[in-house]
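S.K.: Sequence first, predicted coordinates after that:
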Amino acid sequence: MTASAPRDLTARNPAPRDTAPRDSAARERADRDALIRIVEVWRPHAARLIVGLLLSLLAVLAGLALMSSAGLRFAGAALGMVLVTTTALRVLGLSRIGLRYAERLYAHDAMFRALATLRVWFFRSLAKGAAAGLGFRRAGDLLSRLVSDVETLDGLYLRLLLPLAGACLTFPVLMIVVMNVNGLLGVLIGILFAASALILPLAAARLSRKEGGGLNHAQASLRVDVLDLVSGMREIRAFGAGSRVLDHVNAANGRLLARQAQLSRRMAFVGALSQLCTQTALLLMLAAIAGVGFDRIPAVQGVGLMFLTLAAFEGVSGLTRAGMLAGNMGAAARRIVAIADEHPQPSLPVPSPANVMPTVFDIHFEHVGFRWRPDRPAVFEDFSLDIAAGSRIALLGPSGAGKSTLAALLLKATFPQSGRVLLGGQDIASLPDTWLRRHIAWLSQATHLFDDTIRNNLLLGAPEASEEALWKALDEAAIGDFIRKLPEGLDTWLGEAGVKVSGGQGRRIALARTLLSDAPILVLDEPATGLDAQTEQDFFLTLNRVAQGRTVILIAHRLTGVEQLDHAWRLSGGHAVPFSAQG
Amino acid sequence: MSESKAAIKAWTRAQARLGLRAARPSIILGIVSCLTGAAQFWCMANILGPTLTDFVTPDGHGAGVPIPLWPLAGFAVAAILRTAINFTSENASATAGRKARSRLRNEVLGSIVGTGPAVLRHAHSGALAALAVDRIEALDGYFARWAPASVLWIAAPAVLVVLTALVQPRAALILALCGATVPFAQALFGIGAAVASRKQFLAMTRLQSRFLDRMRGIATIVLAGRADEEAARLAQAADDLRRRTMKVLRVAFLSSASIDFAMILALILIALSDGRHAQQAIHTTDAASFRALVTDSLFALLIVPEFFAPFRGLALAYQDRALVQGAAEDILALPEVPETGVTEHVRTLRGEAITIAFEDVSFTWDEARGTALEHVSFTARAGETLVLVGPSGSGKSTIMELLLGFIQPTDGRITFNGVDMQSIAPEARSSLISWIGQRPVLFAGSLRENILFAKPDASQEDLAAALRAAAVDNFLTALPDGLETMIGEGGFGLSGGQAQRVAIARAYLKNTPVLLLDEPTAYLDPVTEADVFESLQQLARNRTVILASHSTAVHMFRGQRVDLLQGRVAARQGAA
């Protein structure tokens, strides 16, 4: 047995290329490109996101108006003068509360819609590249990308974009109003505001980007370790490795917490800096009112200005902290986009898409050359094989001879480096993946049973199948009687990876799923794995009866002798040799 | 553990106690910060008061009493102090949150490991991982925010009301009255928040489990041409999560809006009453006391946002409190860690040959499906091999689970050299037994780490010997980095036969007197199967072996044979 025989059509995918580029300029570029890709995915929600933005700007304006008039009113009130009417204040106050509520609700909703879309996009992109299985990717890591990394990105709009837009609106208002009263004061306040809204956040972003998303990785690796612990429980218990594995997970937990500690310390620090900016601005205002260092400004007006300043700085107080998260957001974007870019690409020019789908299903492998990786030996160099529609054939041979690779090529899970695969005379490269895969039902050695009912597991192959059809398929797979005896029958929950049935039973349910499909071509890769000898014979006898008129491609190491086949080939040395020992 | 309300309450209360203890520094710092804030406002009022009165009082108009400078300096000092205090308190809270999460995660993982594989019959591994990772991450807010906020929301406003009362009793009364409405609003919203946030977490867990399961079977989905349907279902789950999240946020936003409302009400009321007072005073009092009056009023007004800030903190943390309830339910729903019984150390059986006997053992997974084993008896003699034969579902795997101690017989007993295995400490038991299943789980890590998993302190020679004996060395050269090759999910990158060889190498390293083989070749082709069986035969030498298989190749193993049919012993060969 050689290592070139990938189980379950597994292309030897390289590990995801989301590791951060070394130099910071390249990383910055990578972050930006990834973010642009993600913003493109969000485009369908552009209208909502823009409305959310406008609402938030309105709320900022209402806030500024409220605070400065409250300042006047307040200064006046202490003296018993009415500078702003109570009604005006009340209206402003209520509209500020109402707007703030509406803005937060609407903006969050818009963002979460965009995140849901991003999650679906992520799944679709992943599916595009996953016909050959997950490869070296860990499900836990992917889960972390789908959940935590996508969630991190909500900050992009809610914590960065909205307050930044608010700051852009606030800045001129603040400048004009303060400059009108005192030029020097205006300049100083302007500098402090710019520091709080722009300079500090940028510096924080730069610092956090240096981390290159260490937190995201720590989070993902904890998830991978925990999933390993949960799914490897049998091994862990059998080897008495409980405390060792716990130590291992605790170490991952420790790494995550250390990252979080670093981040929260930094956040507290930049938060303190931005608080100092606010306090300094207030101090300057007070000094101007007291006439210390500045020309004394009129007290009532001064109080109004002070309130305006307070409101302006409060609006941007979160920006510095958000800037500290920029590195995580960039890394999250990179980790999400990395998956989308990672699928096998045809190495030959893709013919223009077919307009007319084939109606006959003869299969031709035409001078196909293929290797899994450039540094691996070729599986095929000049492989040709014809399989007539409706025929029953077997591909035999030891592991590593390329039997499963043929199935992978046929299903476009991977692509030949030379030659073509034709279906009904058309190059399959020109046929849509989904169409092709619905016309070829495939039972692999690692077909997955989902954490769902038996019924739903069966319906995966044929969503419209009738109850009768389900039972027929189950009987053909020699599992019908077992399921009839279950108290909940077809609605029995199979559990994770079919944990609630034995290995052989699960295998037969998967087989029934394949038989249920009405695809004109059936590819059965070692269908008898996990069946005992008698059941295996029964199954092949059944197979002779069912699937009449369909092409059946049987992939096996050997034949039992009961199969009725039109042709059998033995794969050896990258060629198909007619196999004659069979009658 | 029972899921009863009482248990959940007890657990939540225990966490609250721990949380409060850890939050003590944050609470004290919070009150100090609040006092510094009051000092700042006092300084502010002492600048604004004189300047404002200077502007209006008839006798001092335009002339200007000198504005005192101490408040400016005081303001600056208090500002720096307050920033430093907030910085420290933020760090203290974050530390408390981290410590609590670390502790809880440890407890949950310990409980999962303690329960063993049976835990997967209760919950999907995705749900368990979500519990250990996300559920507990989400509790950060409970310990870092809620715990201090739950005290500060009463303590801090109380301190401020007392301070205000010293300066301006009328304003203090208004503050107290407006502040008193907040708890009612919170209680009202709080009920909604608890329900909403629990549902949100459920949606989150559902999304995760679904995605994880689909991820593992992604090739099956894609090759069935069903990726679009699955994407649509995922979209539904993701949208459900959004709606649930929005419900949580709506409550949170509403409650913070209600606090804003109370605050504005307090501001207006204080401004009106003080304004009226000032208007009366302006003609009746002298400049100095009018100045003092205005300064006091200003202080009372300035303190209002500060007074309501802790309430806002409480409103923000309210959903954190709800999350702890949900976490309690999930954590308490973990199956009880099975009693290990009398941990009588079996008179050190290490290195000794072991005879295993099943004495009239019955077992039932669940009533509905009937018994899995009925009165099964057999003896596997020391150093010999016993083969269990039978179609799938006949009870072979159940026997293995019993031997591994993952489950206990409903009836009868299993003995190791005459000692009931339930009375042997689990660690002692696991040091006696090696197990090879249908597909070994390969962990994230290198091939070396995966083999050393069986015995991390194995010497270089032991490892080399195990690699040779299990014929791992045959395919090492074909791997990109040899022993250091990283292995992917479910052992992708290794073929089934290679993965089984890793398992055999593990068993060699562990070197135990008992070897359990549970259909070790179920997923292998006949040629590979024969190879693997050959290695297993070597491994079986001088060990007590129980082999479950329905393969025709088992005749390679000499020894007694027990035929199982629907949980009963149907036939025996080679005397039992």
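M.R.: Great, that's in hand.
S.K.: So for the closest residue to chain B within the stretch 301-450 of chain A, what's the nearest residue that isn't a sequence neighbour?
M.R.: Proximity of the stretch 301-450 of chain A to chain B (CB to the nearest CB) peaks at A:H448, 2.8 Å away. Quick note: C-beta positions are derived from backbone N, CA and C, even for glycine. Spatial nearest neighbour of A:H448, chain neighbours left out: B:G217 (2.8 Å); criterion: CB to CB, 6 or more residues apart in numbering or on different chains.
S.K.: contacting residues for the one you found?
M.R.: For B:G217, the contact set (CB atoms under 8 Å, 6 or more residues apart in numbering or on different chains) comprises A:447-450.
S.K.: repeat for A:S418
M.R.: A:348, A:367-369.
S.K.: most residues in a single helix of chain A, which one?
M.R.: The helix spanning the most residues in chain A, taking DSSP state H as the definition, is helix A:242-290.
S.K.: by contact count, what packs against that helix?
M.R.: helix A:183-194, helix A:200-211, helix A:214-231, helix A:299-316, helix A:319-324, helix B:5-56, helix B:70-115 (3 or more CB pairs under 8 Å, 6 or more residues apart in numbering or on different chains; DSSP states H and E).
S.K.: contacting residues around the first one?
M.R.: Pointing back at helix A:183-194 there. Contact with helix A:183-194 is made by A:167, A:170-171, A:174-175, A:178-180, A:277-278, A:280-281, A:284-285, A:288, A:294, A:297, A:309, A:312-313, A:316, as judged by CB under 8 Å, 6+ apart.
S.K.: orientation of that helix relative to helix A:242-290 in degrees?
M.R.: Angle of helix A:183-194 versus helix A:242-290, following axes from the mean of the first three to the mean of the last three CA atoms, to 10 degrees, is 170 degrees.
S.K.: ditto for the second one
M.R.: Note on geometry: by the same axes, to 10 degrees, helix A:200-211 and helix A:242-290 are set 160 degrees apart in direction.
S.K.: And for the third one?
M.R.: Using the same axes, to 10 degrees, one finds that helix A:214-231 and helix A:242-290 are set 150 degrees apart in direction.
S.K.: after helix A:214-231, next one along is what?
M.R.: Downstream of helix A:214-231, the next assigned helix or strand under DSSP states H and E is helix A:233-238.
S.K.: which helices and strands does that following helix pack with?
M.R.: Looks like helix A:233-238 contacts helix B:70-115, helix B:396-404, strand B:433-436 (3+ CB pairs under 8 Å, 6+ apart).
S.K.: So for the last one, mean pLDDT?
M.R.: Same thing as strand B:433-436. When pLDDT is averaged over strand B:433-436, the result is 87.
S.K.: List the pairing partners of that strand within its sheet, with orientation.
M.R.: Here strand B:433-436 has these sheet partners by DSSP bridges: strand B:514-518 (parallel).
S.K.: Give the next helix or strand downstream of the partner strand.
M.R.: Taking DSSP H and E, what comes next after strand B:514-518 is helix B:526-540.
S.K.: helices or strands next to that next one in the packing?
M.R.: With contacts taken as 3+ CB pairs under 8 Å, 6+ apart, helix B:526-540 sits against helix B:460-469, helix B:496-510, strand B:514-518.
S.K.: Tell me the pLDDT of the residue in the stretch 451-583 of chain A that chain B sits nearest to.
M.R.: Scanning the stretch 451-583 of chain A for the residue nearest chain B gives A:G504, at 3.0 Å (criterion: CB to the nearest CB). Listed pLDDT for A:G504 reads 71.
S.K.: swap in A:A3?
M.R.: pLDDT for A:A3: 33.
S.K.: again with A:G330
M.R.: pLDDT, A:G330: 87.
S.K.: who touches it in this structure?
M.R.: With CB under 8 Å, 6+ apart, A:G330 has these contacts: A:27-28, A:30-32, A:34-35, A:209, A:213.
S.K.: can you do 6 Å?
M.R.: By CB atoms under 6 Å, 6 or more residues apart in numbering or on different chains, the contact list for A:G330 reads A:D31.
S.K.: quick one: which helix or strand includes it?
M.R.: helix A:326-340.
S.K.: Hmm, A:G402 is touching A:P377, no?
M.R.: No. Look at A:G402 against A:P377 with CB atoms under 6 Å: they stay out of range, at 10.9 Å.
S.K.: Compare the two (neighbour count), which wins?
M.R.: Neighbours per residue (other CB atoms under 10 Å in any protein chain shown) separate A:G402 from A:P377, with A:G402 holding more: 26 against 11.
S.K.: circling back to that earlier point, can you say which of the contacts of helix A:183-194 are buried?
M.R.: Listed as buried from the contacts of helix A:183-194 are A:167, A:170-171, A:174-175, A:178, A:277-278, A:280-281, A:284-285, A:288, A:294, A:297, A:309, A:312-313, A:316; burial here means 16 or more other CB atoms under 10 Å in any protein chain shown.
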